[in-house]
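1. Next come a sequence and a model predicted from it.
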2 protein chains.
Amino acid sequence: MIRVVILGAGNVAKHLYSAFFHQKHIEIIQCYNRKNLQLHPDQKKETIIKDIRLLKDADIYVLAVSDDAIEKVSSIFPFKNKLVVHTSGSSPMGIINNKNKKGVFYPLQTFSKDKIVNFTTIPICIEAENQIDLEILRKLASSLSNKVYTISSEQRSILHVSAVFVNNFTNYLFSIGSDICNEHRVPFEILHPLIQETAQKAIKMDPSNAQTGPAIRKDVNTIERHLEILTNTTQQNIYTTLTKAIQSKYGKEL
Amino acid sequence: MIRVVILGAGNVAKHLYSAFFHQKHIEIIQCYNRKNLQLHPDQKKETIIKDIRLLKDADIYVLAVSDDAIEKVSSIFPFKNKLVVHTSGSSPMGIINNKNKKGVFYPLQTFSKDKIVNFTTIPICIEAENQIDLEILRKLASSLSNKVYTISSEQRSILHVSAVFVNNFTNYLFSIGSDICNEHRVPFEILHPLIQETAQKAIKMDPSNAQTGPAIRKDVNTIERHLEILTNTTQQNIYTTLTKAIQSKYGKEL
C-alpha cells in the first residue's frame, strides 16, 4: 500500500485524486488546500485540511500546486526527511525545500476541469534524489499509467518547451482557423477530420516529413491570395512568420 | 451508374481512384496523365491514356491535377458541354475552361502517398454551375462520404486558408517540438498523447476556450526560461510571436 497526501485543489490535484482513488494499492490519507475544498464527491470531509500543521504521516506528499507555490508550500511542511514531489513540467526538482527528500511526478497531459482522463496512456515523468525514492515513484506511476519515464529536470524543461509548441501554440492556431471560419460563417466542423488526421500523422511519421501546403511548395500565388483574405494583421503576421520559417527550413531541399 | 474519368496522377488522383474503384455505382472509364502512369495495381492498362484527344464519353471528368494545371488541361479538352470538376481547395470554380460545364469536388483532407484513407469521414465540398450538375456531384460524393457540403468558391477559399493554419502550420509546430526533443535526446514519443489530446479537445470544444500555457497565464518566468532554452533564432521568433498574439487575444479577459 502506498500512502499518499495530495496538496492543491486545481485540475491536476483533482484528476490525480480520481486516478489514485480507484487504485487498490494506493491510499489517499489526506488532502490539503487553503480553502478546504473537496477534490472528489466521494471524499470524506475529515480527510481535508487547510492547516498544513495537521499533515499526517504518508509515503509521498504530492504538491499539485501552481509553480509559484511549490517553494513556499514545501518550506512550511511541519516535518523533514519525507518524500515530497511536485507535478510541474517547468520547475526543477531543486525548488522543493531542502528539509525533505525531493522528487517529481509529472503527468504530461493537458487537463481540463470537466473532461474525464484515462491515465493509462498518459506519460508520467518521474525524478528523485535517490534510487529508493525513484522506485516508490515508479510504483505509484505504474499503477496509473503504462508509460513511465525517468526524466531529469533538464530533460523535463525540454519536454515542457516542446509541449508549448505542440499543445499551447497548436491550440492557438486551431483557434485562428475557427475565428476565420466563424467570421465568414463557414462551419469550422468541416475542418475537424483534418485536425484529427494532422495529429495522427505527426504520431505515425516524423512531422518534418509530413509537411505540405503552399509554403513548402513555394506557391506564391496561393500565399498572396491567403494574405489578401486575412484582414486581421495578427493573423497576417503569423501567416508570414510561419510561411518564411517553413520555406527557410526546406529551402535547401527544394 | 456514374461514369467517371480521372485526370492526374498525384496523391488525390490515386486516393480517388481507390475510393471510386470500390463503389458499385461508379465506373472509372479512363484515367489520363501525361506519363501513362497506373493509379492502382488493379487498373487495366487500356484505360490509361496520355493523349487527351482519346478521352471517352463520361458523366464527370475529375481534374485531380495541380492548381496551376487546371486552366490549361481544361482548355485542351476535345469536347464541350460536359461536366468537368477540379479537386482544389484554393482555386475558384471559374478557372475551368468555359467550353465545358464547371464544378468542384474537393475532399478536405491531407493525403499521403502510402497512407490508406477512409473516405467515409472525409468532408467533400461540392460546387456546380447548376442544380442538375450539383445533384450528380452530390450523388458521387455521397457514395464515398457521409459528410458532403455545398460550398461556394469564396467559402472554399476561407476553408483553405483555415486549413493552412490547422494543418500545415500546426504540423510545422509539431516538427519544432520534435526538433527540440531530438536536439536534446529526449524521446518525442512522450509528447504523442499530448498531441492527440490537443486535437481531440479542439474538436470537442471551441479552441478559444481550450487555451492554456505560460502565454495566457502571463507566466513571465517560464516564458523567459523557455526563450533561454531555445537557441535557434527562428524558434525564438515563433515563440515570441505566438506568445504575444495569445496575450493580446486574451489580454482584456485576464
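-> Received, thanks. Residues are numbered from 1 along each chain as shown, chains lettered A, B, ... in the order given.
2. all strands of the stretch 51-200 of chain A, in order?
-> Assigned by DSSP state E, counting those that start in this stretch, the strands in the stretch 51-200 of chain A fall at A:60-63, A:83-86, A:101-107, A:124-128, A:148-150.
3. what's the neighbour count on A:N237?
-> Look at A:N237: counted by other CB atoms under 10 Å in any protein chain shown, it has 14 neighbours. All C-beta spots, glycine's among them, are computed from the backbone N, C-alpha and C.
4. Hmm, B:T241 and it touching each other?
-> Yes: contact status for A:N237 versus B:T241: in contact at 6.7 Å, counting by CB atoms under 8 Å.
5. Identify the residue spatially nearest to A:G10, adjacent ones excluded.
-> Ranked by CB to CB, 6 or more residues apart in numbering or on different chains and with sequence neighbours excluded, the top spatial neighbour of A:G10 is A:A64, at 6.6 Å.
6. Could you dump the strands of the stretch 51-200 of chain A into CSV with mean pLDDT added?
-> What follows is the strands of the stretch 51-200 of chain A, written out as CSV (pLDDT from 0 to 100):
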stretch, mean pLDDT
strand A:60-63, 98
strand A:83-86, 98
strand A:101-107, 98
strand A:124-128, 98
strand A:148-150, 98
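7. Quick one: closest of these to B:P92.
-> When the strands of the stretch 51-200 of chain A are compared for distance to B:P92 using CB to CB, the nearest one is strand A:101-107, at 48.0 Å.
8. and that closest one, does that touch chain B?
-> No: Strand A:101-107 lies apart from chain B when judged by CB under 8 Å from any CB of the partner chain; the minimum separation is 9.9 Å.
9. Let me see the contact set for A:G10.
-> A:G10 is in contact with A:A64, A:V65, A:S66, counting by CB atoms under 8 Å, 6 or more residues apart in numbering or on different chains.
10. quick one, what contacts the residue nearest to A:G10?
-> A:A64 makes contact with A:I6, A:L7, A:G8, A:G10, A:V12, A:A13, A:L16, A:H86, A:T87, according to CB under 8 Å, 6+ apart.
11. from what I can see A:I52 touches A:C31, true?
-> No: using CB under 8 Å, A:I52 is not in contact with A:C31, being 11.7 Å away.
12. higher neighbour count, these two?
-> Remark: of A:I52 and A:C31, A:C31 carries more neighbours, 27 against 14, as counted by other CB under 10 Å.
13. My reading is that the more buried one lies in a helix. Confirm?
-> No: counting by DSSP: H, G, I helix; E, B strand; the rest coil, A:C31 is located in no helix; its state is strand.
14. longest helix in chain A, by residue count?
-> With secondary structure taken from DSSP state H, chain A has its longest helix at helix A:233-250.
15. Are there helices or strands packed against that helix, and which ones?
-> Under the contact definition 3 or more CB pairs under 8 Å, 6 or more residues apart in numbering or on different chains; DSSP states H and E, helix A:233-250 sits against helix A:170-183, helix A:214-217, helix A:220-229, helix B:170-183, helix B:233-250.
16. Pop the domain breakdown of chain A in here.
-> Listed domain ranges for chain A are A:2-151, A:156-253 (source: automatic domain parsing).
17. Kindly reformat these as TSV and extend each row with distance to B:F111.
-> Formatted as TSV, the domains of chain A follow (distance: least, CB to CB, whole Å):
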stretch	distance to B:F111
domain A:2-151	28
domain A:156-253	9
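18. Leaving out the residues flanking it, which one is nearest to A:I76?
-> Leaving out its chain neighbours, the residue that sits closest to A:I76 by CB to CB, 6+ apart is A:I52, at 5.5 Å.
19. Quick one, grab the pLDDT at that neighbour.
-> Listed pLDDT for A:I52 reads 96.
20. Next up, the contacts around A:S18.
-> Listed by CB under 8 Å, 6+ apart, the contact set of A:S18 reads A:L39, A:H40, A:V117.
21. follow-up on the earlier one: dump the residue contacts of the residue nearest to A:I76.
-> Neighbouring residues of A:I52 by CB under 8 Å, 6+ apart: A:Y32, A:V73, A:I76, A:F77, A:P78.
22. Swap in 10 Å and give it another go.
-> A:L7, A:Y32, A:N33, A:R34, A:V73, A:I76, A:F77, A:P78 (CB atoms under 10 Å, 6 or more residues apart in numbering or on different chains).
23. between these, which is closest to A:Y149?
-> Nearest to A:Y149 among the contacts of A:I52, counting by CB to CB, is A:L7 at 23.3 Å.
24. which residue packs closest to the closest one, ignoring adjacent ones?
-> Closest residue in space to A:L7, ignoring its immediate chain neighbours: A:Y32 at 4.6 Å, by CB to CB, 6+ apart.
25. In this structure A:I203 contacts B:N171, no?
-> No: A:I203 is beyond contact range of B:N171, at 11.5 Å (criterion: CB atoms under 10 Å).
26. Between those two, which has more neighbouring residues?
-> Comparing A:I203 with B:N171 by other CB under 10 Å, the one with more neighbours is B:N171, at 24 against 16.
27. pLDDT weak spots in chain A?
-> A:252-254 (pLDDT under 70).
28. For chain B, what's its nearest residue on the stretch 51-200 of chain A.
-> Nearest residue of the stretch 51-200 of chain A to chain B, counting by CB to the nearest CB: A:N168, 3.2 Å away.
29. Check the contact between that residue and B:Q247; I expect there is one.
-> No: the pair A:N168 / B:Q247 is not scored as a contact, 11.7 Å apart, by CB under 10 Å.
30. neighbour-wise, which of the contacts of A:A64 leads?
-> A:H86 (29 neighbours).
31. Now the buried members of the contacts of A:S18.
-> A:L39, A:V117 (16 or more other CB atoms under 10 Å in any protein chain shown).
32. for the contacts of A:S18, which one is nearest A:I223?
-> Taking CB to CB as the measure, A:I223 lies nearest A:V117 of the contacts of A:S18, at 39.6 Å.
33. count of neighbours near A:I180?
-> Neighbours of A:I180 using other CB under 10 Å come to 24.
34. Quick check: phi and psi at A:Y17.
-> phi -60, psi -50 (degrees, to the nearest 10).
35. Report the contact partners of the residue nearest to it when sequence neighbours are not counted.
-> Once flanking residues are discounted, A:Y17 sits nearest to A:L39: 4.1 Å by CB to CB, 6+ apart. Contacts for A:L39 (CB under 10 Å, 6+ apart) come out as A:6, A:8-10, A:13-18, A:21, A:28, A:31, A:33, A:47-48, A:64.
36. can you check A:N33 too?
-> A:6-10, A:13, A:39, A:48-50, A:52, A:64-65.
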